[in-house]
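> Sequence first, then the predicted structure:
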Amino acid sequence: MKRILIAAVLSLGAWQASGQLSRGLTAGYHLADVRVAFNPLIDPTFTPVATGRAGYHVGGFYRASAGLLYVQPQLWLTGLNQEFIIEDGSFTPEVLDWSLLRLDVPVEVGVKLGPVFGFVAPVYSMALAETGGLNLTNPGRGSWGGQVGVGLKLGGLQVSARYEGSLSAFGQTLSLGGIDFETDNRINQFIASAALKL
């Protein structure tokens, strides 16, 4: 362990000495989707549907480059929004708005070829707060996801498109009308992000 830490410090020093360390601000747009699994044999007239709405992130990044490779850890404050439409056989479906505020830590590991780059990124997310009364998450509890994406670097500006999927769920269920629905509010997402070097 001590050797790994020493190697990491020496590598960081080498990157810094060669001017390959940078930092900046990032912001982006999210289109997210909570997955809801429901067995219609329980009650075929009672059906929940989750509809993704626009979300966002703001934060910062550090980037370390060496040749064609780079590592870019980021820290995001992310807000996600969903709309649940509950069909229970009546003429007026129940509509519930739900939002989640969480802290995301994606760590991009990628390859750059000229202005184009591609990457994979494990991402740890911690729920901070939610609104909507569905109690889908436990604030302070986290889970792991993964991202894959491509991007374009133009001077000090980077733009990227990425997909995020679940590696572990927050582990909650959605309870409506006395019926529990399994959910994965780790939330699959398409994310457009921009990063500006300072």
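Received it, and whenever you're ready, just let me know what you need.

> what is residue 59 paired to in the beta sheet?
residue 26, residue 76 (DSSP bridges).

> Pretty sure it sits against residue 75.
Yes. In terms of C-beta atoms under 8 Å, residue 59 counts as a neighbour of residue 75; the distance is 4.8 Å. Any C-beta I mention is one placed from the backbone N, CA and C, and that applies to glycine too.

> more crowded one of these two?
Looking at residue 59 and residue 75 with other C-beta atoms under 10 Å, you find the greater number of neighbours at residue 59, namely 19 against 15.

> Now list whatever residues contact both of residue 59 and residue 75.
Shared contacts of residue 59 and residue 75, defined by C-beta atoms under 8 Å, 6 or more residues apart in numbering, comprise residue 104.

> quick one, helices of the chain?
2-17 (DSSP state H).

> Return the residues in contact with residue 195.
24-26, 61, 74, 157-160.

> Would you point out the most distant pair within these?
By the measure C-beta to C-beta, 74 and 157 form the most distant pair in the contacts of residue 195, at 15.3 Å.

> so where do the strands sit in this protein?
21-37, 47-52, 54-66, 69-87, 94-113, 116-131, 142-154, 157-166, 173-176, 179-197 (DSSP state E).

> If I average pLDDT within each of the ones you listed, which one is lowest?
The weakest mean pLDDT among the strands of the chain belongs to strand 173-176, with a mean of 54.

> before we move on, the earlier item: what about residue 74 and residue 157, which has more around it?
The neighbour comparison of residue 74 against residue 157 (other C-beta under 10 Å) goes to residue 74, with 21 against 12.
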